[in-house]
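Undergrad: based on what follows, work out the 3D shape:
(one chain, ligands or ions: 1)
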Amino acid sequence: MQPQATGEKVLVLDFGAQYAQLIVRKVREQRVYAEMRPFSTPVEELAREQPRGIILSGGPASVYEPGAPTVDPALFSLGVPILGICYGHQLMARLLGGTVEPGQEREYGHAEIFIDCHDLLFQGLGERISAWMSHGDRVAQVPRGFTPLAHTRHTPVAAMADPARHLYAVQFHPEVHHTPDGPTILRNFLFDACRCSGTWQPGNFIEDSLVQLRERIGDGRVLCALSGGVDSAVTALLLQRAVGSQVRAVFVDHGLMRKNEPEQVIATFRRLLGDAFVAVDARREFLERLRGVTDPEQKRRIIGETFIAVFEREAARLGEFQFIAHGTLYPDVVESGAGSGGATARIKTHHNVGGLPENMKLENIEPLRLLFKDEVREIGRQLGLPAEIVDRQPFPGPGLAVRIVGEVTEDRLAILREADAIVHEELLAAGLMPYVSQSLAVLLPVQSVGVMGDGRSYAYPVVVRAVVTDDFMTADWARLPHEVLARISTRIVNEVGGVNRVLYDITSKPPATIEWE
Ligand code: XMP
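TA: The predicted structure follows:
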């Protein structure tokens, strides 16, 4: 899939850096379409793609170690502008005849970069910039034809260039937030060295993808699961636009969603998808299978299995299908190792409850597999998805079941739904939603003594959790104003029967997780 209107593309070769994906993202933010490729992609294959530029990512290895990831030096003679970053900088130096050696000191964190030459890469910047460093090795001598462009106290060659061959390299990371001038450096590379036009937009993706979906699907039928989240919603809408009545989007109401959520999902998708939308009320079935279960993993397993059983039953009822669509995004593709096929470490083995059956013998369609979340949101807006769905916080497949510690019952779900709604309303009223990445309430199975009116109460505590995070793999608890916490607490205890205490979770992730189960 080539979601670019101008045909211009930059390729990022992945040498195993956690930041490789971020490079792709930062390039796309400059309106230049980028994709990641494994470092081992043959040079001829890269050349065939006619990229406007190539970026070599960082990586954890040392270029002089046996077996270290490398590229065919012919890459540097393609005439395509290349930017090496960190490991990419060292690799470029070594392969072209410079020297790389272990540094006396590992440089990690903020570093002051002294710019010695302001040509191209550093145009528009001052004498010094602050940049993020993370390296043990350093380039001691630049290859013939190169000029050093910058240094730090510990690194003699913090950047280098051979403009005649369009080769540029930096030891630091221009792609990370901690390098404030990073976007300028990337822009200099993309627009001056690569001569990109910067006209790509996620929206161009819609038209391209409709054409490709029609071609692929022909007159086949497509099944997809709708969770109410933005990824599956955009997937379903794209398919419906592409092949209309050949799609069925199935929403399974497992009874574990938040207050008013199933109603909202049903109303929205009936409107947007018409007859392609199918809702299944499986609330009773889920609750029955969860009766008496308290172990978190067992809960997740039961919900996953029940989901698949309900989904398969519904699919069989809806007739024959040839395709099944998934809302897989680029980070999932890269994390599973399939996207880059490269060296990026697999960090997250996501507990993907709510996953789709694999044995249905249907061909997979993943229309969003090259996109990042914010790009999917933009497309969702263009496709007419309402803000509640486009900006919806992540919500786990097993829903409120992983926020009820102990047995999931109808009564306990009702308590949690009310408490959760209050948290949501108060954060919204205080204008805090844009600052909080995820917010939730958790119901605990212990009881404690309280006093309400003239009487003694013996009831459950609700835990309020709000976190701030970029990637949900690490998170910090949100420093909510005390007044907001006070309002949430007062309202929950007054308005939700069965609760007499409210706690605020002040644990970061790690060591805790965001959800309680
Ligand atoms: P944890 O609790 O592991 O959660 O810190 C990280 C993020 O993942 C969400 N989450 C899930 N999402 N299926 C999902 O699709 C799941 O089973 C699941 N469990 C947790 C969680 O809400 C948070 O955003």
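
Undergrad: what about residue 501, which SS state?
TA: strand (DSSP: H, G, I helix; E, B strand; the rest coil).

Undergrad: what about the residue nearest to it when sequence neighbours are not counted, which SS state?
TA: Excluding the flanking residues, the one nearest residue 501 by Cβ to Cβ, 6 or more residues apart in numbering is residue 461, at 4.1 Å. Where C-beta positions appear, they are placed from N, C-alpha and C, glycine not excepted. Classification of residue 461 using three-state DSSP returns strand.

Undergrad: isn't residue 461 right up against residue 498?
TA: No: in this structure, residue 461 is not within contact of residue 498 by Cβ atoms under 8 Å, at 10.5 Å.

Undergrad: between those two, which is the more surrounded one?
TA: Taking other Cβ atoms under 10 Å, residue 461 and residue 498 do not tie; residue 461 has more neighbours (19 against 16).

Undergrad: pLDDT score for that one?
TA: On pLDDT, residue 461 comes in at 98.

Undergrad: wait, what's in contact with it?
TA: Contacts here follow Cβ atoms under 8 Å, 6 or more residues apart in numbering; on that basis residue 461 touches 444, 446, 448, 499, 500, 501, 502, 503.

Undergrad: what residues are bridge-paired with the fourth one?
TA: What that stands for is residue 499. On the basis of DSSP bridges, residue 499 is bridged to residue 460.

Undergrad: OK, contacts around it?
TA: 415, 419, 443, 459, 460, 461, 462, 492, 493.

Undergrad: what do you get for the last one?
TA: Taking Cβ under 8 Å, 6+ apart as the definition of contact, the neighbours of residue 503 are 461, 462, 463, 464.

Undergrad: go again with 6 Å.
TA: By Cβ atoms under 6 Å, 6 or more residues apart in numbering, the residues touching residue 503 are 461, 463.

Undergrad: measure it to the ligand for me?
TA: 18 Å (Cβ to the nearest ligand atom, to the nearest Å).

Undergrad: one step back: a markdown table please, covering the contacts of residue 499 and showing distance to residue 405.
TA: Converted to a markdown table, these look like this (distance: Cβ to Cβ, whole Å):
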| residue | distance to residue 405 |
| --- | --- |
| 415 | 12 |
| 419 | 13 |
| 443 | 7 |
| 459 | 15 |
| 460 | 10 |
| 461 | 10 |
| 462 | 11 |
| 492 | 17 |
| 493 | 19 |
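
Undergrad: widest-spaced pair of those?
TA: Greatest spatial distance among the contacts of residue 499 (Cβ to Cβ): 443 and 493, at 13.5 Å.

Undergrad: between the two, tell me which one has more neighbours.
TA: Taking other Cβ under 10 Å, residue 443 and residue 493 do not tie; residue 443 has more neighbours (25 against 19).

Undergrad: pretty sure the more buried one is in contact with residue 416, am I right?
TA: Yes: assessed by Cβ atoms under 6 Å, residue 443 is found in contact with residue 416 at 4.6 Å.

Undergrad: show me where the stretch 151-300 of the chain has its strands.
TA: Using DSSP state E, counting those that start in this stretch, the strands assigned to the stretch 151-300 of the chain run over residues 159-162, 167-170, 222-225, 247-253, 277-281.

Undergrad: ok, the residue lying closest to residue 475 once chain neighbours are set aside to residue 438 distance?
TA: Distances taken as Cβ to Cβ, 6+ apart put residue 469 closest to residue 475, at 3.7 Å, once the chain neighbours are dropped. Distance, residue 469 to residue 438, using Cβ to Cβ, to the nearest Å: 7 Å.

Undergrad: now residue 324: phi and psi?
TA: With angles defined as degrees, to the nearest 10, residue 324 sits at phi -130, psi 130.

Undergrad: what's the pLDDT at it?
TA: With respect to pLDDT, residue 324 scores 95.

Undergrad: show me the beta-bridge partners of it.
TA: residue 223, residue 364.

Undergrad: using the record's assignment, carve this protein into domains.
TA: 9-193, 202-390, 409-504 (automatic domain parsing).

Undergrad: among these, which is nearest residue 402?
TA: With Cβ to Cβ as the yardstick, what comes closest out of the domains of the chain is domain 202-390 (6.8 Å).

Undergrad: flag the shaky bits of the chain, pLDDT-wise.
TA: 1-6, 334-356 (pLDDT under 70).

Undergrad: give the buried residues for the one helix or strand residue 311 maps to.
TA: According to DSSP states H and E, residue 311 maps onto helix 296-317. For helix 296-317, burial by neighbour count (16 or more other Cβ atoms under 10 Å) applies to 296, 299-300, 302-304, 306-308, 310-311, 314-315.

Undergrad: now swap in stretch 103-114 and tell me
TA: Neighbour counts using 16+ other Cβ under 10 Å place 103, 107, 111, 113 of stretch 103-114 among the buried residues.

Undergrad: can you put those in CSV and add secondary structure and distance to the ligand?
TA: Putting the buried residues of stretch 103-114 into CSV (DSSP: H, G, I helix; E, B strand; the rest coil; distance: Cβ to the nearest ligand atom, whole Å) gives the following:
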residue, secondary structure, distance to the ligand
103, strand, 36
107, strand, 31
111, strand, 32
113, strand, 35
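
Undergrad: need the max-distance pair from those residues.
TA: 103 and 113 (15.1 Å).

Undergrad: most distant residue from the centre of the protein?
TA: residue 454 (50.7 Å; Cα atoms, centre = their mean).

Undergrad: how much space between that one and residue 227?
TA: From residue 454 to residue 227 the distance is 46 Å (Cβ to Cβ).

Undergrad: mind listing the helices in the stretch 1-150 of the chain by residue range?
TA: Using DSSP state H, counting those that start in this stretch, the helices of the stretch 1-150 of the chain run over 20-29, 43-48, 87-95.

Undergrad: run through who's touching the helix or strand containing residue 379.
TA: Counting by DSSP H and E, the element that carries residue 379 is helix 373-382. Around helix 373-382, the neighbours that count as contacts under Cβ under 6 Å, 6+ apart are 202, 203, 230, 234, 368, 390.

Undergrad: pick out the most distant pair among the residues you listed.
TA: Once Cβ to Cβ is applied, the contacts of helix 373-382 give 203 and 230 as the farthest pair, at 15.6 Å.

Undergrad: between the two, which is the more surrounded one?
TA: Each of residue 203 and residue 230 has its neighbours counted (other Cβ under 10 Å); residue 230 has more, 23 against 15.
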